[in-house]
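Engineer: show me how the following folds:
(chains A and B)
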Amino acid sequence: MITKRIIPCLDVRNGRVVKGVNFEGLSDVSSPVELAEFYTNEGADELVFYDITASYENRALFTDILKEVARKVFIPLTVGGGINTVDDFDRVLKCGADKVSVNSGAIRDPSIIGKAAKRYGSQCVVLSVDAKRVDGSFRVFAKGGREDTGMDALEWIRRGIESGAGEIVLNSIDTDGVRKGFDLEMLEAVCSFATVPVIASGGAGNIGDFIELFKTVERVDAGLAASIFHFKQVRIRDLKKDLKENGIHVRI
Amino acid sequence: MTAIVDYGVGNLFSLQSSLDAIGEESIITGKREELEKADRIILPGVGAFGDAADKLRETGLDTVVKDLAKEGKSILGICLGMQLLFEKSYEFGEHEGLGLLKGSIVMIDVPDTEKYKLPQMGWNSLHIKREHPLLRYVSEGDFVYFVHSFMASDCEDSVIAVTEYGTEVTAAVAKDNVWGTQFHPEKSGNIGLNILRAFTGR
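Structural biologist: Next up is the predicted model:
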């Protein structure tokens, strides 16, 4: 049986890993290559890199870092941030990415999902969604969670899967950075219809939150987190051991 | 020295990096003479079987790979590259493969599509069916990384390891000098690197 995955997420800006709390107030954490190697040795099942660089020059720095990571780390790598065209897929896949995550790029031009899936296969296309409760429904937010698109998140995800997205990263803005647990309600809503893997993101504060996630939302495939891993509040090695002891199938 | 067959399919950066990591020299090439010179070759592949088989034929590399296999060159197919070694595939129609291994490629017949999503994407454990040099550093239950919806079937004479995904899924095959893995050794951490070491003799 396939295992539940634990995925550290590294936000990279100007060649360094950073992490925001509620998407604001970034603080420098460490070197992406060092962290990638550390997490791989700790038992991370894959790594996600988000390029949050603003300028074009630093985009090249990001792909250089990605290459360096891919030369040293032999687990799946997902790359997101600044993916707006099929050429952007090409740019990062050439540097060792296995999957490419689109978020705002797909909101601006939804056809990118289908185009990329056709060229690289669905397994390569990850739709990342920042969602938040507005008036009793889940709404898609753009621009790092600052702008309400007015789109219904469940409908957007359903369309994304139909267009060829092979995996969904669901980031709840309501729970992100708060460290009081994943957004189980929102995840359950998505997992109830998603025919592709769903990765839970936003809200993990301790090991218990991951146990609760996998016990409550049985169909969720992976848990993603950033700062709790970066600041070593949760060690992946301990996390997986505890998950296993709680009857959750993980790779150890 | 290992030659990675370049027929315009997929991204070979990670595969070549994984060979670098185990100290195995490699080239990415679509030239017959370079493939002939190599000690062994790897046939990679991602995407749809039909497209990849067409590209192999268009580049004439189907004949090259078949000739080298007949001459006894060590060949490792990875993922779709492994599937191409078989006689045919039923992925979106019916397509002819290289026919170096007996069997065909069919969709994974999962008992419950809600529980077992396709593609199978993630880490799953290996169950060894038959001792083989490719698996010399592998222990029963070791985890490797899979991404696929289709699998080799009717391949009893070549299957050496399987995995469990609601049904028994072919994970590794070998017959004489023609070997293959459905999973990605270059993305399977140390277990994967060890499988590449076993293939290259590193």
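Engineer: measure A:Leu154 to B:Thr113 for me?
Structural biologist: Per Cβ to Cβ, to the nearest Å, A:Leu154 is found 20 Å from B:Thr113. C-betas here are computed from N, CA, C, even on glycine.
Engineer: neighbour count for the two, which is higher?
Structural biologist: When neighbours are counted by other Cβ atoms under 10 Å in any protein chain shown, A:Leu154 and B:Thr113 differ, and A:Leu154 comes out ahead with 19 against 10.
Engineer: show me how far the strand or helix carrying that one is from its chain's centre.
Structural biologist: Using DSSP states H and E, A:Leu154 falls within helix A:153-163. Centroid displacement of helix A:153-163 relative to its chain, using Cα atoms, centre = their mean, to the nearest Å, is 17 Å.
Engineer: how about stretch B:27-36?
Structural biologist: 18 Å.
Engineer: and it, does that touch chain A?
Structural biologist: No: if you take Cβ under 8 Å from any Cβ of the partner chain as the test, stretch B:27-36 misses chain A, and the best it gets is 12.2 Å.
Engineer: which residues sit against that stretch?
Structural biologist: B:1-8, B:12, B:16, B:38, B:41, B:59-61, B:64-65, B:68 (Cβ atoms under 8 Å, 6 or more residues apart in numbering or on different chains).
Engineer: could you tell me which of the residues you listed belong to strands?
Structural biologist: Among the contacts of stretch B:27-36, DSSP state E puts B:Thr2, B:Ala3, B:Ile4, B:Val5, B:Ile41 in strands.
Engineer: nearest spatial neighbour of the fourth one, chain-adjacent residues omitted?
Structural biologist: Once flanking residues are discounted, B:Val5 sits nearest to B:Leu43: 5.0 Å by Cβ to Cβ, 6 or more residues apart in numbering or on different chains.
Engineer: in contact with the one you found, which residues?
Structural biologist: B:Leu43 sits in contact with B:Val5, B:Val65, B:Ile75, B:Leu76, B:Gly77, B:Ile78, B:Gly81, B:Met82, B:Leu84, B:Leu85, where contact means Cβ under 8 Å, 6+ apart.
Engineer: keep only those of the residues you listed that are in strands.
Structural biologist: Within the contacts of B:Leu43, residues falling in strands by DSSP E are B:Val5, B:Ile75, B:Leu76, B:Gly77, B:Ile78.
Engineer: could you single out the nearest of those to A:Ala97?
Structural biologist: The shortest approach to A:Ala97 among those belongs to B:Ile78, at 17.5 Å (Cβ to Cβ).
Engineer: gap between the helix or strand hosting A:Phe62 and the chain center?
Structural biologist: Taking DSSP H and E as the criterion, A:Phe62 maps to helix A:56-72. Distance of helix A:56-72 from the chain centroid (Cα atoms, centre = their mean) equals 18 Å.
Engineer: that helix packs against which elements?
Structural biologist: strand A:5-13, helix A:32-42, strand A:47-51, strand A:77-80, helix A:86-93, helix B:13-21 (3 or more Cβ pairs under 8 Å, 6 or more residues apart in numbering or on different chains; DSSP states H and E).
Engineer: apply 7 Å and report the result again.
Structural biologist: The contact analysis (3 or more Cβ pairs under 7 Å, 6 or more residues apart in numbering or on different chains; DSSP states H and E) places helix A:56-72 against helix A:32-42, strand A:47-51, strand A:77-80, helix A:86-93, helix B:13-21.
Engineer: beta partners for B:Val162?
Structural biologist: Taking DSSP bridges as the rule, B:Val162 bridges to B:His127, B:Thr170.
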